[in-house]
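Enquirer: what's the 3D shape of this:
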Amino acid sequence: MAVSRINEAGLNVNQYGNRNLVINGAMEVAQRGTARTVSDGGAEGFQTLDRFSFSYANSAGGVATISQDTTVPSGYGFSNSYKVDIATADTSIGSTHMIYISHKVEAQNIRNSGWDYTNTSSYITLSFWARSVKAGIYNVVFRADDVGAKYYPVEYTLVADTWKKITITVPGDSSLVFNDDTGSGLDIRWNLQLGTDRDNGTAGQWNATDAGNAGTSNQVNFFDHVDNNFFLTGVQLEVGDTATDFEHRTFGDELQRCQRYCFVTPTGQTYSWTALSGYCNSTSNALTFYQYPVRMRATPTLATSGNFQVADALSTYSITSQSIADATDYTARVDVGASGLTAGRVAAVRNNNDATAKITFDAEL
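Expert: This next block holds a predicted model:
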């Protein structure tokens with residue numbers, strides 16, 4: 001029996017998966033936690049929602065609380081947003097100061113996306129929902145990292161306390177380069193504050209490789225009052241000159257994508273559970289092993305928090321040290337120090353009845 005060709009015109013575009021190059025654009029996954037207070041040099045970077053970082057540059061001032069929030073535009077299927085709430089204002093902006101939210105896309109994902117990025121007639125489109133108490137002109141900027149940081153700033157205007165969908169179409173440029181590797185390719189930044197040496201970019205074009213072009217002079221100082229807040233959700237980056245409806249993925253799918261960059265062992269359990277297992281290779285050290293749930297972007301770093309202990313067949317022991325060794329992007333050996341171990345026994349690193357205890361493997365861009 002002959003098979004008829006599907007009429008593509010009759011299909012809903014949402015039936016085509018993997019359009020969105022942004023991970024966690026609906027702000028669902030928050031492995032590290034759902035809220036954190038941040039300042040220059042204090043808890044910057046990736047602290048709450050996965051794949052979205054918060055940065056202060058060049059000793060910028062002010063303090064903010066970053067959190068996963070339930071304020072969302074109604075009728076579009078979102079449950080969460082990324083919220084920035086000002087705790088300490090900053091009206092003394094240094095010339096090189098910058099404060100921004102960032103989402104980085106791997107270079108190989110841009111290079112192999114289908115965007116003909118050196119062709120000025122080929123486009124990539126960003127869409128997102130934003131809202132703020134503070135009305136005015138904001139910047140979102142595209143930073144091409146593999147070409148020495150060229151900037152493409154775009155201005156958008158928010159009305160106070162009103163959700164707005166922003167759509168930005170960016171053309172290719174003959175000078176753009178995206179390597180076929182796992183490094184940062186395209187850094188998308190939502191500016192919240194810019195100093196006078198960082199706001200010299202021209203909106204709507206690729207600017208020269210110069211940090212001074214990180215935004216435009218019309219960017220508001222979002223940090224000027226403690227009443228200010230900013231919400232972001234529905235972030236989508238796709239090839240082409242048209243923004244399609246947001247690609248809603250399942251939580252499990254989005255979590256796996258996030259775990260390529262960061263994996264956090266589960267928390268919330270007050271009973272003992274095994275995090276790592278292996279054997280005692282001496283009376284003071286155990287070799288334990290962990291295989292990540294997905295292959296990570298690169299060899300991760302290790303951080304532990306909370307109360308863990310080493311257990312063998314007979315006893316438990318306090319941990320005196322731990323370090324990651326012989327790690328790859330898919331498995332790690334964690335050397336754990338403790339006194340009183342018996343060489344040759346099976347060993348396990350386990351939660352010592354601490355619901356907050358967790359191990360974080362970090363391979364972020």
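Enquirer: What's the mean pLDDT across the top helix by length along the chain?
Expert: In the chain, assigned by DSSP state H, the helix with the most residues is helix 251-259. When pLDDT is averaged over helix 251-259, the result is 98.
Enquirer: just for the protein, where's the confidence low?
Expert: Counting by pLDDT under 70, the chain contains low-confidence residues at 1-16, 270-271.
Enquirer: Tell me where the stretch 101-250 of the chain has helices.
Expert: With DSSP state H, counting those that start in this stretch as the definition, the stretch 101-250 of the chain shows helices at residue ranges 107-111.
Enquirer: What is the burial count for G337?
Expert: Counted with other Cβ atoms under 10 Å, the burial measure for G337 works out to 17 neighbours. (Glycine included, C-beta is placed from N, CA and C.)
Enquirer: Let me know the distance separating T274 from A357.
Expert: Taking Cβ to Cβ, to the nearest Å as the criterion, T274 is separated from A357 by 12 Å.
Enquirer: Which one of the two is surrounded by more residues?
Expert: Residue environment comparison for T274 versus A357 gives the larger neighbour count to A357, 24 against 11, counting by other Cβ under 10 Å.
Enquirer: Next, count neighbours for the closest residue to that one other than its chain neighbours.
Expert: The shortest distance from A357 to any residue that is not its chain neighbour, by Cβ to Cβ, 6 or more residues apart in numbering, is 2.9 Å, and that residue is G306. Burial of G306, expressed as a neighbour count using other Cβ under 10 Å, amounts to 14.
Enquirer: Now do the same contact list for G306.
Expert: Taking Cβ atoms under 8 Å, 6 or more residues apart in numbering as the definition of contact, the neighbours of G306 are 267, 351, 354, 356-358.
Enquirer: Now list the buried members of the residues you listed.
Expert: If you count burial by 16 or more other Cβ atoms under 10 Å, the buried members of the contacts of G306 come out as 351, 354, 357-358.
Enquirer: With respect to D197, which of the residues you listed is nearest?
Expert: Using Cβ to Cβ, K358 is the member of the buried ones among the contacts of G306 that sits closest to D197, with 40.0 Å.
Enquirer: Run through the residues that contact the closest one.
Expert: With Cβ under 8 Å, 6+ apart as the criterion, the residues that contact K358 are 264-267, 304-306.
Enquirer: Could I get those residues in JSON lines, plus columns for distance to Y123?
Expert: What follows is these, written out as JSON lines (distance: Cβ to Cβ, whole Å):
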{"residue": "V264", "distance to Y123": "36"}
{"residue": "T265", "distance to Y123": "41"}
{"residue": "P266", "distance to Y123": "41"}
{"residue": "T267", "distance to Y123": "42"}
{"residue": "T304", "distance to Y123": "45"}
{"residue": "S305", "distance to Y123": "44"}
{"residue": "G306", "distance to Y123": "47"}
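Enquirer: Show me those that map onto strands.
Expert: With strands identified by DSSP state E, the entries of the contacts of K358 that belong to them are 264, 304-305.
Enquirer: For PyMOL, write the selection for the buried entries among these.
Expert: Written as a PyMOL command, the selection of buried residues from the ones in strands among the contacts of K358, which uses 16+ other Cβ under 10 Å, is:
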select buried, resi 264+304
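Enquirer: Output the ones in strands among the contacts of K358 in a markdown table; the columns should cover distance to V159.
Expert: Compiled in a markdown table, those are given as follows (distance: Cβ to Cβ, whole Å):
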| residue | distance to V159 |
| --- | --- |
| V264 | 37 |
| T304 | 45 |
| S305 | 41 |
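Enquirer: which among the ones in strands among the contacts of K358 gets closest to F46?
Expert: V264 (10.9 Å).
Enquirer: OK, contacts around the residue lying closest to the closest one once chain neighbours are set aside?
Expert: Sequence neighbours aside, Q31 is the residue nearest to V264 in space, at 4.1 Å (criterion: Cβ to Cβ, 6+ apart). Under the criterion of Cβ under 8 Å, 6+ apart, the neighbours of Q31 are 50, 255, 258-259, 262-264, 360.
Enquirer: ok, Q31 to V310 distance?
Expert: In this structure, Q31 and V310 are separated by 25 Å, where distance is defined by Cβ to Cβ.
Enquirer: same check, this time on N179
Expert: Remark: distance between N179 and V310 (Cβ to Cβ) = 42 Å.
Enquirer: and what of C280?
Expert: Looking at C280 against V310, where the rule is Cβ to Cβ, the gap reads 8 Å.
Enquirer: Find the residues that touch each one of those two.
Expert: 286, 341, 347.
Enquirer: residue contacts, the most centrally placed residue in the chain?
Expert: Here the mean C-alpha position of the chain is nearest to the C-alpha of R51 (Cα atoms, centre = their mean), at a distance of 1.4 Å. Each residue near R51 by Cβ under 8 Å, 6+ apart is listed here: 22-24, 29, 103-104, 258, 261.
Enquirer: closest to T125 among the residues you listed?
Expert: When the contacts of R51 are compared for distance to T125 (Cβ to Cβ), V22 comes out closest, at 11.5 Å.
Enquirer: Apart from its chain neighbours, what residue comes closest to T37?
Expert: T65 (5.2 Å).
Enquirer: so the one you found, which of the three states?
Expert: Counting by DSSP: H, G, I helix; E, B strand; the rest coil, the backbone at T65 sits in strand.
Enquirer: can you check G337 too?
Expert: Secondary structure, three-state DSSP: G337 is strand.
Enquirer: Now do the residue nearest to it when sequence neighbours are not counted against M296, distance only.
Expert: Leaving aside its chain neighbours, G337 sits nearest to S321 (3.7 Å; criterion: Cβ to Cβ, 6+ apart). In this structure, S321 and M296 are 23 Å apart, going by Cβ to Cβ.
Enquirer: If you count surrounding residues, which of these two has more?
Expert: For S321 against M296, the residue with the higher neighbour count under other Cβ under 10 Å is M296, and the figures read 24 against 10.
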